[in-house]
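Visitor: Sequence first, predicted coordinates after that:
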Amino acid sequence: MRIPDLEPKEKVIEARLRNAIKKMGGRAYKFVSPAHKSVPDRLILLPDRRIYFAEVKRRKGKLTKHQANEIDFIKSLGFDADVLYGVEGVKDYIWLLENGIL
């Protein structure tokens, strides 16, 4: 018997992030760059010129080498780029944003 995978899919986790950012008065755009396939999933814009990049993974998901390199590059430019693991990762991230820690 196969045990069903009860962990939400990435698109469900991304939707939670998108909706939470919208409630904060911002946008979490789906970020796609054909020339750089390893860019983070979401470009987050919040009031007061706050810009963030977020890669969303399932709880046990793993970054590819190219994704890790791209996140490191974005950080080297001075931007915030984070990996959010599962629904709990999104909740923690939103809390950090709401409390001015990020």
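Guide: Received the coordinates, thanks. Numbers count the residues shown, from 1 in each chain.
Visitor: Okay, strands next: where are they in the chain?
Guide: Under the criterion DSSP state E, strands of the chain are mapped to 27-30, 42-46, 50-57, 80-85.
Visitor: Switch those strands over to JSON lines; also include mean neighbour count.
Guide: (Glycine included, C-beta is placed from N, CA and C.) As requested, these are exported to JSON lines (neighbours: other C-beta atoms under 10 Å):
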{"stretch": "strand 27-30", "mean neighbour count": "15"}
{"stretch": "strand 42-46", "mean neighbour count": "19"}
{"stretch": "strand 50-57", "mean neighbour count": "20"}
{"stretch": "strand 80-85", "mean neighbour count": "19"}
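Visitor: looking at these, which is closest to residue 97?
Guide: Relative to residue 97, the nearest member of these by C-beta to C-beta is strand 42-46, separated by 6.9 Å.
Visitor: So what are the sheet partners of that closest one and their directions?
Guide: strand 27-30 (antiparallel), strand 50-57 (antiparallel) (DSSP bridges).
Visitor: which one of those strands lies closest to residue 12?
Guide: Using C-beta to C-beta, the nearest of the strands paired with strand 42-46 to residue 12 is strand 50-57, at 9.7 Å.
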